[in-house]
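Peer 1: Next comes the sequence, and after it the predicted model I'd like to discuss.
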Amino acid sequence: MTEYGKPLEPTQTTIPGLVVWELPLHGDSRGWFKENWQREKMTAAGLPDFGPVQNNISFNDAVGTTRGIHAEPWDKWVSVATGRIFGAWVDLREGSTFGAVYTTELDPSRAIFVPRGVGNAYQTLEPNTAYAYLVNDHWSPDAEYTFLNLADESAAIAWPIPLADVEISFKDRAHPRLSDVVPMAPRKMLVIGANGQLGMALRAEFGDSAHIEYATRDDLDLASAELTSARRWRDYGVIINAAAYTAVDRAETAEGRADAWAANATGVGALARIAAENAVILVHVSSDYVFDGSCDRPYREDDPLSPLGVYGQTKAAGDIAVTTAARHYVVRTSWVIGEGGNFVRTMVSLAERGIDPKVVDDQIGRLTFTSDIARGIRHLIESGAPFGVYNLTGAGEPTSWADIARAVFTLTGHDPERVTGVSTKAYFASATAPVAPRPRNSVLEIEKLATTGLVPTDAHDALREYLAAR
C-alpha cells in the first residue's frame, strides 16, 4: 500500500495514449481510502481532461472471469475497487500501431487510462473483484464498436488462466480475429465555411480523408434551433469554424447588423456549447478588428478587447463565447488573402489595366495568406499546443496597404510610383453608404505561436510566391 499524499505516477505504455497510473492509498486498521478520480490533480499530472459522464462497475464473483476484447468510441478510466485483475489492451485504431498489445495487473492502487479505439479485456485473479470504469460518453446502440477475439493468435495474449479453463460469454467467443477487424477510424473533424477563402485552404491542407467533413452555411445553419441534434457530436474530435459574416461596412446597416450578430456571435456561442458538452476541440478564426488599433505596439493575445464597429463587436463576442469551451483555439489573424477576390488581385488587375490607384497609407499590418492560416491550425491541433488564443499572421516588417500595393506593382513588372498613398479619412470622404471604422494598427504579436514550434512565413515572401503562382 502506498503512502497517502504521494504524487500520482503515470507510466507510458507501448500503446500511444494508454497510460498506467499509480494511485496513492491511505490505509489503517479500518481499511483504505483513495481518490479514484480527481480531475484537478490528474489533469495537472498529464491525464487528458476527458470529461467523464458515466460510471460503470462490473462485479465478478469467481477467479478467472474473463471479458472482452471491446473497443468503444469513447475514452475510459479503468480501476479496481476490490480484488485484482490481469488486464489486456489491444490497439484497434487506424494507424501504424494497429494490433499492438499491452498487458499488466491492476489492483486498487493502480488505474489505466484507455483512449478511444483501444480494445479492453481483463481476467480476474481474485474472487469478488469489482472492476470500475468512467467513460466520457453515454452508451448508445447507434455508436460504432470494434471487437477482437480473446484467443486471437496475432495478439497472443498470455492469459494467466488458460481460456479453455474459464467461462467466457458466447458473444466474446464469437468476436473476429485481428485479420478480420475493421480498424476504428479517428474522431471526425468538421470544417464549417468550407466554400470560403479559408475553407478552400483548409480543404487543400487536410484533404479528403474519410473522417473529415466539410460544411457550408447551407449544410449547417449555426443559428438553427436544431443545431444540437444536427450531428452526433460525440463522434467529432475537432470543429473548425472558418465561417463568418465579413461584410464589414454592411454590418453597420440595420439588416447587416442582425446578420453579423447571428453569424459571428449567436452561432459561435451555439458551437461553443456543443464543444463544451461533447469534449470537442473548437477552433475559431478571429480578427484584428476586435481591437481599436490605438495601441503603439503589436497587439498581444491577452490585450483587452476594444472593437470599434459592429463587425469587430460581433467578432469579439464570438471570441468570448469560444473561451467557454475548455478545449478551444481562437486563431486571431488579419489582412487575409486567399483564393477569389481580394486586395492583391485587385491591385494586379489595376496595374494591368493601366489604372493608377489611391490606396490607404495610415493603416498598418501584415498580410496573412490562407495557406499559412490552414497550416497553423493544423499545427495547433496535431502538436497538442496548449489551448487558448493565438495570433497568426504573416511574419516580417509591418507595412501599409499602400506599401503592399506598391509591392504588387513591382513584383508584376509595373511602376510602383503609380500608387498614391492617401489617409483613411480622405479615401472614404466621398462614400455615401455607411463606412465601418478600421483599426489603424492591425499588427499582431506572433511570438506565442512560435513557442509551439511554428513560425509563419514572411509576408513579403508569401506575396512573391502567391503572385508567381497565379
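Peer 2: Structure received. Residues are numbered from 1 along each chain as shown.
Peer 1: neighbouring contacts of stretch 341-348?
Peer 2: When contacts are defined by Cβ atoms under 8 Å, 6 or more residues apart in numbering, stretch 341-348 is touched by residues 197, 335-337, 357, 359, 367, 401, 404-405, 408-409, 412, 463, 466-467, 470. For every residue, glycine as well, the C-beta is placed using N, CA and C.
Peer 1: so what's Lys34 up against?
Peer 2: Leu23, Pro24, Leu25, His26, Pro108, Ser109.
Peer 1: what about 7 Å?
Peer 2: Neighbour list for Lys34: Leu23, Pro24, Leu25, Pro108 [criterion: Cβ atoms under 7 Å, 6 or more residues apart in numbering].
Peer 1: I'd like the distance between the first one and Val63.
Peer 2: Right, Leu23. 23 Å (Cβ to Cβ, to the nearest Å).
Peer 1: who's more crowded, these two?
Peer 2: Leu23 (21 against 17; other Cβ atoms under 10 Å).
Peer 1: Kindly list the main-chain dihedrals of the more buried one?
Peer 2: phi -100, psi 120 (degrees, to the nearest 10).
Peer 1: wait, isn't it in contact with Ala111?
Peer 2: Yes - when contacts are counted by Cβ atoms under 7 Å, Leu23 is listed as touching Ala111 (5.6 Å).
Peer 1: Okay, domains of this protein per the record?
Peer 2: Per the record, the chain has its domains at 9-180, 188-468, by automatic domain parsing.
Peer 1: For those, state which one has the densest average packing.
Peer 2: domain 188-468 (a mean of 18; mean count of other Cβ atoms under 10 Å).
Peer 1: What's the mean pLDDT across that one?
Peer 2: Averaged across domain 188-468, pLDDT comes to 94.
Peer 1: now it, how far from the centre of its chain.
Peer 2: 17 Å (Cα atoms, centre = their mean, to the nearest Å).
Peer 1: Can you get me the start-to-end distance on it?
Peer 2: 35 Å (Cα to Cα, to the nearest Å).
Peer 1: what do you get for stretch 348-362?
Peer 2: 21 Å.
Peer 1: residues in contact with Val166?
Peer 2: Val166 makes contact with Gly64, Thr66 under the criterion Cβ under 7 Å, 6+ apart.
Peer 1: what residue lies at the spatial centre of the protein?
Peer 2: For the chain, the residue nearest the mean C-alpha position is Ile281 (3.6 Å; Cα atoms, centre = their mean).
Peer 1: Just list the residues touching that residue, thanks.
Peer 2: Counting by Cβ under 7 Å, 6+ apart, Ile281 touches Gly237, Val238, Arg327, Ile381.
Peer 1: How about the first one: what's its closest non-neighbour residue?
Peer 2: Closest residue in space to Gly237, ignoring its immediate chain neighbours: Arg187 at 3.0 Å, by Cβ to Cβ, 6 or more residues apart in numbering.
Peer 1: that older thread, now for the contacts of Ile281, which pair is the farthest apart?
Peer 2: Arg327 and Ile381 (10.3 Å; Cβ to Cβ).
Peer 1: Centre of the protein to the edge, which residue is at the far end?
Peer 2: Most distant residue from the mean C-alpha position of the chain: Ser29, 48.1 Å away (Cα atoms, centre = their mean).
Peer 1: the strands in the stretch 101-250 of the chain, which residues?
Peer 2: Using DSSP state E, counting those that start in this stretch, the strands assigned to the stretch 101-250 of the chain run over residues 101-106, 110-114, 118-124, 129-135, 146-147, 188-192, 212-215, 236-241.
Peer 1: Quick one: residues in contact with the fourth one.
Peer 2: It stands for strand 129-135. In this structure, residues lying in contact with strand 129-135 by Cβ under 7 Å, 6+ apart are 37, 52, 54-60, 74-85, 122.
Peer 1: Return it as PDB; C-alpha atoms alone will do.
Peer 2: What follows is strand 129-135, C-alpha atoms only, in PDB (Å, rounded to 0.1, in the frame of the first residue of the first chain):
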ATOM      1  CA  THR A 129     -13.400  -8.400  -7.900                       C
ATOM      2  CA  ALA A 130     -15.100  -5.100  -8.600                       C
ATOM      3  CA  TYR A 131     -13.900  -3.600 -11.900                       C
ATOM      4  CA  ALA A 132     -14.900   0.100 -12.400                       C
ATOM      5  CA  TYR A 133     -14.600   2.400 -15.300                       C
ATOM      6  CA  LEU A 134     -15.500   6.000 -16.100                       C
ATOM      7  CA  VAL A 135     -16.400   6.800 -19.700                       C
END
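Peer 1: tell me the angle that strand makes with strand 101-106.
Peer 2: 120 degrees (axes from the mean of the first three to the mean of the last three Cα atoms, to 10 degrees).
Peer 1: Neighbouring strands - and their directions - for strand 129-135?
Peer 2: Strand pairing for strand 129-135, using DSSP bridges, gives strand 54-60 (antiparallel), strand 76-82 (antiparallel).
Peer 1: ok, then the element right after the first one?
Peer 2: So the one you mean is strand 54-60. strand 66-71 (DSSP states H and E).
Peer 1: And that next one, what does it pack against?
Peer 2: Contacts defined by 3 or more Cβ pairs under 7 Å, 6 or more residues apart in numbering; DSSP states H and E place strand 66-71 against strand 118-124, strand 146-147.
Peer 1: and of these, who's closest to Cys295?
Peer 2: The closest of those to Cys295 is strand 118-124. By Cβ to Cβ, the value is 48.2 Å.
Peer 1: Please save the CA atoms from the closest one in PDB.
Peer 2: Coordinates of the C-alpha atoms in strand 118-124 are reproduced here as PDB (Å, rounded to 0.1, in the frame of the first residue of the first chain):
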ATOM      1  CA  VAL A 118      -8.100   0.700 -27.800                       C
ATOM      2  CA  GLY A 119      -9.600  -2.700 -27.100                       C
ATOM      3  CA  ASN A 120     -10.100  -3.600 -23.400                       C
ATOM      4  CA  ALA A 121     -10.200  -7.000 -21.700                       C
ATOM      5  CA  TYR A 122      -9.500  -8.500 -18.300                       C
ATOM      6  CA  GLN A 123      -9.300 -11.700 -16.300                       C
ATOM      7  CA  THR A 124     -10.000 -11.700 -12.600                       C
END
